[in-house]
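[1] Next come a sequence and a model predicted from it.
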Amino acid sequence: MSCTLLDENDAGPDFPDAPFRHGPFEVQPDGGLEALRPPHLRFAWRGRGCEAWLDGGRVRLSAHAGEVPYTAERPADRPAAIAALAGLPRDLPRGWRMRLLPDHRVRLEADVPMQAPPTAAGLVGTLVGFALRLDPYLDRLESAGVGAGGGAPGTAKT
């Protein structure tokens with residue numbers, strides 16, 4: 001890896017070897033990223049799995065927000081959890097959705113516009129922004145008994 005120090009008169013990033021491939025991207029001379037295939041990124045926030053897909057100038061984001069308690073396991077917590085889920089969609093930011101999956105997992109999803117051309121800094125900023133905006137909704141769900149869970153999809157509770 002080489003590193004070049006820039007002085008204050010430099011116009012910005014310069015990649016003399018560009019374009020070059022880095023993972024699912026081709027890095028352009030100006031630092032822009034061009035997707036060679038639909039990139040899919042995974043990250044964690046507050047112990048929850050999150051995913052991001054670049055899709056035509058947008059970033060589709062999703063987060064595992066929690067799991068609704070089963071009646072057989074925590075019957076006292078279930079009514080408050082269901083009530084919290086019922087009210088959550090109307091309070092989500094524009095473009096966000098909540099989905100309750102068949103296995104009782106709760107997903108929060110968003111579509112966010114991406115700057116053109118996309119850059120690594122812009123992508124990381126989008127991921128961090130999504131994670132920070134999740135916090136009040138995760139707090140709200142946790143206080144209503146929707147736990148972070150830990151079960152993998154498709155596993156049976158025995």
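    Arrived safely, thanks for sending.

[2] right, and residue 83 touches residue 143 too?
    No. At 11.6 Å, residue 83 does not count as touching residue 143 under the criterion of CB atoms under 8 Å. Every C-beta, even on glycine, is put in place using the N, C-alpha and C of the backbone.

[3] Which secondary structure elements does the longest helix seen in the chain sit against?
    As assigned by DSSP state H, the longest helix anywhere in the chain is helix 120-143. On a contact count with 3 or more CB pairs under 8 Å, 6 or more residues apart in numbering; DSSP states H and E, helix 120-143 meets strand 40-45, strand 48-55, strand 58-67, helix 78-91, strand 105-113.

[4] 6 Å instead, please
    strand 58-67 (3 or more CB pairs under 6 Å, 6 or more residues apart in numbering; DSSP states H and E).

[5] tell me the angle the strand it packs on makes with strand 105-113.
    160 degrees (axes from the mean of the first three to the mean of the last three CA atoms, to 10 degrees).

[6] between strand 58-67 and helix 78-91, how many degrees?
    160 degrees.

[7] picking that back up, residues in contact with the longest helix of the chain?
    For helix 120-143, the external contacting residues (CB atoms under 6 Å, 6 or more residues apart in numbering) are 45, 52, 59, 61, 63, 65, 66, 84, 112, 115.
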